[in-house]
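Enquirer: turn this into a structure:
(2 chains)
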Amino acid sequence: NAGVTQTPKFQVLKTGQSMTLQCAQDMNHNSMYWYRQDPGMGLRLIYYSASEGTTDKGEVPNGYNVSRLNKREFSLRLESAAPSQTSVYFCASDRQGAFGELFFGEGSRLTVL
Amino acid sequence: DQQVKQNSPSLSVQEGRISILNCDYTNSMFDYFLWYKKYPAEGPTFLISISSIKDKNEDGRFTVFLNKSAKHLSLHIVPSQPGDSAVYFCAATRFNNAGNMLTFGGGTRLMVKP
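Expert: Okay, the predicted model is just below:
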C-alpha cells in the first residue's frame, strides 16, 4: 500500500548546489506530476508526464528539469538551487478515467540557503 | 495572477455546526472543479469534485456547490467534526485528455473546535 513515495523527505542545500527529488508510484498510473507548495500560493504545477516517455512544462518550470525514467518513476532535478526554490515539493500520479483525482506523496521539504 | 482564489486563509467552526469554505475563479474555460484536503506532514487527498454541467454534488457530509455565473464554488461540511480540521484546497481544470493539470487555490485552514 505504498502509493506514491518521495525521497528525500527533507533536504537543505546551499545556493548553487544541485539535487534530484525522486518519486515512484506502484499503482500502475500513466500520468505523474510535480507540484510545489508555498504559503498562500497553493500548489503550483512544475512539470508533468502524461505517459511514459513524455514530459511537459507546467506553470512554474524555470530552474527545474524532469525525467520520466519508466512508468513508475518521475524525478525532479534542480541543477543550481536558488533560495526561491525553498518550498515543499509534492509528486502525484493519477489513473486514466479518474479525472482530476490525483494521488499525492507525503512531500519533500527543501530549504535552499 | 491567481486564477483560483480562496480569500479566507482560515476558518474556525464549532463541532456539529456547518463549515462553509469558499473559492472563486477567473478563467471561464475551467469546467471541472475539485476539493482536496491536507493534513500536516501529508500530501493532499481528493475529497469531492463537480463538473460545470452540475450545480451541486454531495458525498456524505460534504457538498460542493457551483455558481458558474458568479465563478464561485463552495464546500459545505455538515456536521463539522474535529477530524475535519485540515487545510482545504480548491482546484480547477479543463476537461481534456492532455493530463490533469489542476490549478489550485491558496488553501483555507479549517479548525473545528470540540
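Enquirer: bridging across strands, which residues link to the residue in chain A positioned nearest to chain B?
Expert: Per CB to the nearest CB, residue A:104 is where chain A lies closest to chain B, at 3.0 Å. Every C-beta, even on glycine, is put in place using the N, C-alpha and C of the backbone. Per DSSP bridges, the residues bridged to residue A:104 are residue A:92.
Enquirer: adjacent strands (with direction) for the lowest-mean-pLDDT helix or strand in chain B?
Expert: Ranked by mean pLDDT, DSSP states H and E, the weakest helix or strand in chain B is strand B:103-104, scoring a mean of 93. Here strand B:103-104 is paired, per DSSP bridges, with strand B:86-93 (antiparallel).
Enquirer: hang on, the earlier thing: got a list of what the residue of chain A closest to chain B touches?
Expert: Shown in contact with residue A:104 (CB atoms under 8 Å, 6 or more residues apart in numbering or on different chains): A:4, A:35, A:90, A:91, A:92, B:43, B:44, B:45.
Enquirer: wait, the first one sits on residue A:93?
Expert: Yes: counting by CB atoms under 8 Å, residue A:93 is a contact partner of residue A:4 at 5.7 Å.
Enquirer: now the strands for the chain?
Expert: You didn't pick a chain, so chain A it is. Using DSSP state E, the strands of chain A run over A:4-7, A:10-13, A:19-25, A:31-38, A:42-49, A:56-57, A:64-68, A:74-78, A:87-94, A:103-104, A:108-112.
Enquirer: not quite, I wanted chain B
Expert: B:4-5, B:10-14, B:19-25, B:32-38, B:45-51, B:56-59, B:62-67, B:72-77, B:86-93, B:103-104, B:108-113.
Enquirer: in ChimeraX, how would I select just the buried ones from the contacts of residue A:104?
Expert: Selection of buried members from those for ChimeraX, criterion 16 or more other CB atoms under 10 Å in any protein chain shown:
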select /A:4,35,90,91,92 /B:43,44
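Enquirer: next, format the strands of chain A as a markdown table and append distance to residue B:59.
Expert: Below are the strands of chain A laid out as a markdown table (distance: least, CB to CB, whole Å):
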| stretch | distance to residue B:59 |
| --- | --- |
| strand A:4-7 | 23 |
| strand A:10-13 | 34 |
| strand A:19-25 | 25 |
| strand A:31-38 | 24 |
| strand A:42-49 | 22 |
| strand A:56-57 | 31 |
| strand A:64-68 | 33 |
| strand A:74-78 | 30 |
| strand A:87-94 | 19 |
| strand A:103-104 | 18 |
| strand A:108-112 | 30 |
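Enquirer: which ones are touching the one residue in chain B that gets nearest to chain A?
Expert: Nearest residue of chain B to chain A (CB to the nearest CB) works out as residue B:43 at 3.0 Å. Residue B:43 sits next to A:4, A:90, A:92, A:103, A:104, A:105, A:106, A:107 when contact means CB under 8 Å, 6+ apart.
Enquirer: pLDDT value on it, please?
Expert: In this model, residue B:43 is scored at 95, pLDDT.
Enquirer: again with the one 10 residues further on
Expert: Listed pLDDT for residue B:53 reads 93.
Enquirer: okay, and the beta partners of residue B:75?
Expert: residue B:21, residue B:64.
Enquirer: shared neighbours of residue A:4 and residue A:93, anything?
Expert: By CB under 8 Å, 6+ apart, residue A:4 and residue A:93 have these common neighbours: A:25, A:27, A:103.
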